[in-house]
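>>> Sequence first, predicted model second:
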Amino acid sequence: MSEENAIEVRHLSKRFGDNLAVADLSFNVHRGEVFGLLGPNGAGKTTTLRMITTLLKPDAGQVKIFGHDTATEGRWARSLFGLTGQYASVDEDISARENLMIFARLNGLSRADAKARTAELLAEFSLEQSADKALKHFSGGMRRRLDLAVSLITRPALIFLDEPTTGLDPRTRTQMWTTIRGLVAQGSTIVLTTQYLEEADQLADRLAVIDHGKLVKLGTPAELKQQVGGTVLTFTVNQASQVKAALRILAQTVAGKVRQSGQQLSVTLSQLTQLTPVLETLKRAQVAVSRLSVTEPSLDDAFMALTVGQN
Ligand SMILES: Nc1ncnc2c1ncn2[C@@H]1O[C@H](COP(=O)(O)OP(=O)(O)OP(=O)(O)O)[C@@H](O)[C@H]1O
């Protein structure tokens, strides 16, 4: 076990009947990073998370959390992390404050400590105003914040978030991202599952893309994007009679494949430094262009290429 790793997953597999939900998965989660498990519906993200967090027994493979094998030291491992998302079994009929108090007491805090920690968490998650309302009257965003607050009672060094923002409106989602970034700034390691590419792009330092239970790709969001090709330059040639000249110039200055749609041309640049020579050559040849755009590939493009392309 390397000191750098918060989690080591080795050859993890799980079968439900004929369905191989997780197939020989191996990866490391580094200390202090946000690690994203990204994949389409049914890819095996939740099953993977449930095995790592000891809620589900793997058919094969090994998980170590801060060096502790979860098969033989499950209790130890469980004391090291907080779990939220589809699992938080908070009580709908009682208030946020009462829920936090109960979980704090269950986690062994004294009455006074539980009270202090509850007050701290209510403040941290902007829940003070609604602290004494029953949870059934909470909005989705408030409910998620409470779920997260509950999982943080013991200040765990490792936090698992299963689809932390599913079903939240864009504003509340952004608030949740800010909260998650705050946790990272305090030194927590976070593993999250998400179906949202933007969320993965915004939050994750590294991503494991999973499809049909298999690891399709592991890397930073930037690395995944790079894999689907570089920056795309698109412009419109103002005069139809100059399209041929523009195509010639692109062929001479950029090696990438050129796509044409009427007077609109686009080309993939392997490096951004190719941009200036293209524009200068067009200018020198007096080929006037407009509606010029330079776009980076999105994580969407990478994800589609990695998952859909494989199947
Ligand atoms: N308890 C179970 N019994 C039988 N099959 C299951 C069980 N849990 C998961 N599966 C199956 O295993 C596969 C992976 O499911 P899993 O929930 O891990 O996917 P996921 O990536 O988390 O999907 P989602 O984004 O929809 O939550 C799916 O085909 C699912 O139907």
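Looks like it came in fine. Everything numeric in this text was worked out from a predicted model, so none of it was measured.

>>> List the residues that contact the residue nearest to residue 270 when sequence neighbours are not counted.
Spatial nearest neighbour of residue 270, chain neighbours left out: residue 230 (5.1 Å); criterion: Cβ to Cβ, 6 or more residues apart in numbering. All C-beta atoms are positioned from the backbone trio N, CA, C, and that covers glycine. Going by Cβ atoms under 8 Å, 6 or more residues apart in numbering, residue 230 touches 256, 268, 269, 270, 271, 297.

>>> cutoff 6 Å now
268, 269, 270 (Cβ atoms under 6 Å, 6 or more residues apart in numbering).

>>> how close does the second one get to residue 233?
Going back to what we said before, that points to residue 269. For residue 269, the distance to residue 233 equals 6 Å [Cβ to Cβ, to the nearest Å].

>>> The two: which has the busier surroundings?
Shown here are residue 269 and residue 233; by other Cβ atoms under 10 Å, residue 233 has more neighbours (23 against 19).

>>> Helix or strand for the more buried one, just tell me which one.
strand 231-237 (DSSP states H and E).

>>> Can you give me the buried ones in the very next helix or strand once past that strand?
As assigned by DSSP H and E, the chain's next helix or strand after strand 231-237 is helix 243-253. For helix 243-253, the neighbour count (16 or more other Cβ atoms under 10 Å) marks 243, 246, 249, 250, 253 as buried.

>>> Quick check on the closest residue to the ligand within the stretch 51-200 of the chain: phi, psi?
The minimum distance from the stretch 51-200 of the chain to the ligand, using Cβ to the nearest ligand atom, falls at residue 195 (5.3 Å). Per-residue torsions, residue 195: phi -100, psi -10 (degrees, to the nearest 10).

>>> Neighbours of it, how many?
So residue 195, with other Cβ under 10 Å, has 15 neighbours.

>>> Then residue 264?
With other Cβ under 10 Å as criterion, residue 264 counts 14.

>>> nearest spatial neighbour of it, skipping sequence neighbours?
The shortest distance from residue 264 to any non-neighbouring residue, by Cβ to Cβ, 6+ apart, is to residue 236 (4.9 Å).

>>> which outside residues touch stretch 110-129?
Here stretch 110-129 makes contact (Cβ under 6 Å, 6+ apart) with 96, 97, 100, 101, 104, 105, 131, 145, 149, 153.

>>> average pLDDT for it?
Average pLDDT, stretch 110-129: 92.

>>> mind saving the C-alpha coords of that stretch as PDB?
Backbone C-alpha positions of stretch 110-129 (Å, rounded to 0.1, in the frame of the first residue of the first chain) are rendered in PDB as follows:
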ATOM      1  CA  SER A 110     -21.400  13.100  24.300                       C
ATOM      2  CA  ARG A 111     -24.600  15.100  24.600                       C
ATOM      3  CA  ALA A 112     -22.700  18.400  24.800                       C
ATOM      4  CA  ASP A 113     -20.300  17.500  21.900                       C
ATOM      5  CA  ALA A 114     -23.300  16.300  19.800                       C
ATOM      6  CA  LYS A 115     -25.100  19.600  20.400                       C
ATOM      7  CA  ALA A 116     -22.000  21.600  19.500                       C
ATOM      8  CA  ARG A 117     -21.300  19.600  16.300                       C
ATOM      9  CA  THR A 118     -25.000  19.800  15.300                       C
ATOM     10  CA  ALA A 119     -24.900  23.600  15.600                       C
ATOM     11  CA  GLU A 120     -21.600  23.700  13.700                       C
ATOM     12  CA  LEU A 121     -23.000  21.600  10.800                       C
ATOM     13  CA  LEU A 122     -26.300  23.500  10.600                       C
ATOM     14  CA  ALA A 123     -24.300  26.700  10.200                       C
ATOM     15  CA  GLU A 124     -21.900  25.200   7.700                       C
ATOM     16  CA  PHE A 125     -24.600  23.900   5.500                       C
ATOM     17  CA  SER A 126     -26.800  27.000   5.800                       C
ATOM     18  CA  LEU A 127     -29.600  25.000   7.500                       C
ATOM     19  CA  GLU A 128     -30.000  27.100  10.600                       C
ATOM     20  CA  GLN A 129     -33.200  28.800   9.400                       C
END
